[in-house]
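Chemist: structural data only, the sequence is not supplied:
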């Protein structure tokens, strides 16, 4: 026997074999449709002296050489034949009938009965009543097929029972024939048939044969008795082959007793049926023993938990441990015969199935290891594939998953062996897929982001390469791309630099013919291959949503900030709400604007040993309509963290969530979700998108300057002015957005400075600008801003010291006078070297002073204005003020008239230009770094005639505020009277010198004129 039946199990010894085959040309689908209906009749209850069950095993293909071993083990004997034929006419029926008789001749030596099912024939022939032939008009109109099969099985049972009775009855004087297997017949030629040894051999083999018949006939207890008798007889004559068969039969009968549900692993395929005590009582045969077992002593698997609880258990039935010992003994006997390799292999398979139920995996693996080394001679490639596949299934059955995967992979490689004319790449691919669980490998990339790597990476990579090659040979490049992408994504950490280059080159070759994508691939058997996003090409370490530039950020009107804000908690702080959700669902505290370009920054890393090109990298969002603007980047080999900014435009308002990003690497498009990224830091991925707002672009008539420190400005200008000079700045505001501008407000803020600034630094007129509103998209308006730099013109300390140089006491001034707060006491010791003092003062006069201010433009329009949002532009203004004129000394002299006096001004020109100073129709020309005295005749000042604060103001204001108001009036009077102006001829700069209250110049002028007024009286 050269063809093993790998589906055999111990309980098959209880079955009778029926072969079902097509006769002539029968559609394959229709044949297997009838075959399944015939095979559904797997057990039939028959009546004899007691009710018994006959089990049937069906095969649609059975080699005749296996049938020759029917005397050795009766369950291998084909005792029934069912033929299925199609006939359309009487002539075809004649040919069908001849073929049917020819088919019966092939199994004539063992056949008990046969049936022919004819489809498609009608008329007189179909109306004939025959027991061995059934006629049906069509394959659909055959309702009684199962009933005819049951009648057919009952007829087989009758023949089986008669043979059992005939062989089991001892007839005195009859010579017992010697049952042989095919290869033994030539060995017994010429033996002495009258010897005692020969007779025992015949008796032992016959007893074993009768045991097989009893087991098939449903008489389990009788079978056990006959097997035991056969074992004793055959052991005494060293008939090892048949002794092994007797032991195997004894094991099979015991397995059927202990495990009535079967060992094949198929649920509900057998209904337990054991001969009861009543049956034994009704039909008591010599040597038969009654076997009783307590049903409560059996667990769910049919194994007795405690053998001591069995009641009246017979010694003929083996215990579960004894079953395995007898199986080992039987296999050892089979191993003595080269021609019994198939029998030995099938016995190993049966033992493994029993051990799987007993949960004895290690012992089962020993049987399987023995089965691997059994030599069956020259096997065909198909038989090798079947053998390795069965070994894989059995290893899987006992829980040896990696061993199972190994033999499954060997079977896959056998499908494409070089000796096969037409390699079965589809079968190879299917078998390779079945090996994946055994190697802890899944085709879902999500399973590889759940902690540490499981399995042997080297073996897994080899298997994935084989899947890629098999799918390519199948002519399915899409599968090759998917498996190669999976290999690169999941095994990247285990690939060497050279392997990374080779895999990526292969992937690019495949994607040039079939680009990879995110679609699910469904195989013909229904298996779905999920998409493989390249989350490691490149590796993303952090994701940050960026705020808009300062000039584009939306601001909420303060009066509307709290509208629509509700809280589920009455408390100011709730830890439950603070920690609800993860970081990726946290809403960011800034807003984006509909229609404006928004940015998300990713910190990426290239793990490849070569330059990585990423194409079509964009954002994946949800919540609002979003237009992603893809980017392309090139990352150097094994780069460090590299910032990448992805941009897009939200087209509607609402809340938007950044779910991930998309890439195209090596021809494979990937959608990478942030939830699937491991170790990614994110401060939140949800942001509010406010309705669209207009967008202004600012340009100036002066060149741009660098940003000023400490201020987030949209733009900046820088200019140089002389002290007292005024310059105009023209600002152009262009609406470059899509919404109309409806409101515009301008404000300024002078930054903190050490210098005292007098007058308005920035001034403007909004009348013309407001008349242009609303400003349409693409239109512009201009605004003129006056920049005035007015600082103190006095020499400061030198003037204060000169007050006492005149020998005039100032102690008579009012206590509330600001002079007492400004004047400093005279030093005790004066420097002798006045020339050195003068040089030091000149260096102080050349110091450039800086003034800074911020000009803000607040504007709004469009839908955003309706919701209370606006934008703000800011322009930084930096002015470097150079000194123009310094008054180093001020004094007075009496004039010819008592109502007048001469005001003496010592003027210093610190500039590099020629300067002209004018006052009351007088002019004084000063060269660079020149100091001259100018005498101005002025009338006596009547400070007492100036208006004084009202009584209410006196009561409400402080003394300092009253004095400040008085000084403002006095300073204005002095400024109008003197009308001091300077002009730099080379630059055509002209400005007035207006002494302001509390400036050192004003202090000196006021003191001189005040003391002069005292002298006049």
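Modeler: Received, thanks. Source: prediction; values computed, not measured.

Chemist: distance of residue 676 relative to residue 536?
Modeler: Distance from residue 676 to residue 536, counting by C-beta to C-beta, to the nearest Å: 11 Å. Bear in mind the C-beta positions are built from the backbone N, C-alpha and C, glycine included.

Chemist: these two: who's more crowded?
Modeler: residue 536 (21 against 14; other C-beta atoms under 10 Å).

Chemist: poorly predicted segments of the stretch 1-150 of the chain, please.
Modeler: 1-2, 47-50 (pLDDT under 70).

Chemist: what's the host helix or strand of residue 227 packed up against?
Modeler: Using DSSP states H and E, residue 227 sits within helix 220-236. Where contact means 3 or more C-beta pairs under 8 Å, 6 or more residues apart in numbering; DSSP states H and E, helix 220-236 is packed against helix 196-216, helix 240-258.

Chemist: chain center to the first one: distance?
Modeler: Averaging C-alpha positions (C-alpha atoms, centre = their mean, to the nearest Å) puts helix 196-216 68 Å from its chain's average.

Chemist: return the backbone torsion pair for residue 34.
Modeler: phi -70, psi -40 (degrees, to the nearest 10).

Chemist: quick one: the helices in the stretch 851-1000 of the chain, in order.
Modeler: Counting by DSSP state H, counting those that start in this stretch, the stretch 851-1000 of the chain has helices at residues 862-866, 951-956, 959-978, 1000-1016.

Chemist: number of nearby residues for residue 421?
Modeler: Using other C-beta under 10 Å: residue 421 sits among 5 other residues.

Chemist: and residue 621, by the same measure?
Modeler: Neighbours of residue 621 (other C-beta under 10 Å): 21.

Chemist: and residue 743, what does it touch?
Modeler: Applying C-beta atoms under 8 Å, 6 or more residues apart in numbering, we find residue 743 in contact with 773, 858, 859, 860, 861, 865, 870.

Chemist: so what's the second one scoring on pLDDT?
Modeler: The one in question is residue 858. Reported pLDDT at residue 858 in the predicted model: 92.

Chemist: next one: the nearest residue to it once chain neighbours are set aside from residue 761, what distance?
Modeler: Distances taken as C-beta to C-beta, 6 or more residues apart in numbering place residue 745 nearest to residue 858, at 4.3 Å, with adjacent residues excluded. Residue 745 sits 19 Å away from residue 761, going by C-beta to C-beta.

Chemist: tell me the mean pLDDT for stretch 908-926?
Modeler: pLDDT averaged over stretch 908-926 gives 80.

Chemist: please name the bridge partners of residue 744.
Modeler: residue 859 (DSSP bridges).

Chemist: which helix runs longest in this protein?
Modeler: helix 145-168 (DSSP state H).

Chemist: what angle separates that helix from helix 220-236?
Modeler: If you take axes from the mean of the first three to the mean of the last three C-alpha atoms, to 10 degrees, helix 145-168 sits at 50 degrees to helix 220-236.

Chemist: could you check the angle helix 145-168 makes with helix 196-216?
Modeler: Going by the same axes, to 10 degrees, helix 145-168 makes 150 degrees with helix 196-216.

Chemist: neighbouring contacts of helix 145-168?
Modeler: Under C-beta under 8 Å, 6+ apart, the answer for helix 145-168 is 16, 18, 34, 37-38, 40-41, 44, 46, 48, 54, 56, 79-80, 82, 112-113, 115, 117, 134, 136, 206, 209-210, 213-214, 216-217, 219, 222, 226, 285.

Chemist: again, only this time at 6 Å
Modeler: 37-38, 41, 44, 46, 54, 56, 79-80, 112-113, 115, 134, 210, 213, 217 (C-beta atoms under 6 Å, 6 or more residues apart in numbering).

Chemist: inside strands: which ones of these?
Modeler: Under the assignment DSSP state E, the contacts of helix 145-168 contribute 44, 46, 54, 56, 79, 80, 113, 115, 134 to strands.

Chemist: give the residue farthest from the middle of the chain.
Modeler: For the chain, the residue at maximal distance from the C-alpha centroid (C-alpha atoms, centre = their mean) is residue 896, at 100.4 Å.

Chemist: top strand in this protein by residue count?
Modeler: The chain, longest strand under DSSP E: strand 869-882.

Chemist: strand partners (parallel or antiparallel) of it?
Modeler: Strand 869-882 is paired, per DSSP bridges, with strand 555-556 (antiparallel), strand 715-722 (parallel), strand 849-860 (antiparallel).

Chemist: can you list those strands in a markdown table and add distance to residue 95 and mean neighbour count?
Modeler: A markdown table is the format used below for these (distance: least, C-beta to C-beta, whole Å; neighbours: other C-beta atoms under 10 Å):
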| stretch | distance to residue 95 | mean neighbour count |
| --- | --- | --- |
| strand 555-556 | 95 | 16 |
| strand 715-722 | 102 | 18 |
| strand 849-860 | 97 | 20 |
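
Chemist: show me the one of those that comes nearest residue 516.
Modeler: strand 555-556 (45.9 Å; C-beta to C-beta).

Chemist: got a list of contacts for that closest one?
Modeler: Taking C-beta under 6 Å, 6+ apart as the rule, strand 555-556 contacts 868, 870.

Chemist: just stretch 320-337 next, same as before
Modeler: Here stretch 320-337 makes contact (C-beta under 6 Å, 6+ apart) with 240-241, 243-244, 247-248, 251, 254, 340, 343-344, 347, 351, 358.

Chemist: may I see the buried residues of that stretch?
Modeler: By 16 or more other C-beta atoms under 10 Å, the buried positions in stretch 320-337 come out as 320, 323, 324, 326, 327, 328, 329, 330, 331, 333, 334, 337.

Chemist: if we can go back for a sec, for the helices and strands packed on helix 220-236, which one ends up most surrounded?
Modeler: helix 240-258 (a mean of 26; mean count of other C-beta atoms under 10 Å).

Chemist: helices or strands next to the helix or strand where residue 431 lies in the packing?
Modeler: Per DSSP H and E, residue 431 falls inside helix 425-435. In terms of contacts (3 or more C-beta pairs under 6 Å, 6 or more residues apart in numbering; DSSP states H and E), helix 425-435 is packed against helix 401-415, helix 457-473.

Chemist: pick the most deeply packed of the ones you listed.
Modeler: Comparing the helices and strands packed on helix 425-435 by mean neighbour count (mean count of other C-beta under 10 Å), helix 401-415 comes out on top with a mean of 21.

Chemist: what about that one, average pLDDT?
Modeler: 95.

Chemist: how distant is that helix from the center of its chain?
Modeler: 31 Å.

Chemist: name the helices or strands packed onto that helix?
Modeler: So helix 401-415, by 3+ C-beta pairs under 6 Å, 6+ apart, packs with helix 381-397, helix 425-435.

Chemist: what's that helix in contact with?
Modeler: Contacts to helix 401-415, defined as C-beta under 6 Å, 6+ apart, come from residues 384-385, 388-389, 391-392, 395-396, 424, 427-428, 431-432, 434-435, 438-439.

Chemist: quick check, central residue of the protein?
Modeler: residue 676 (2.6 Å).
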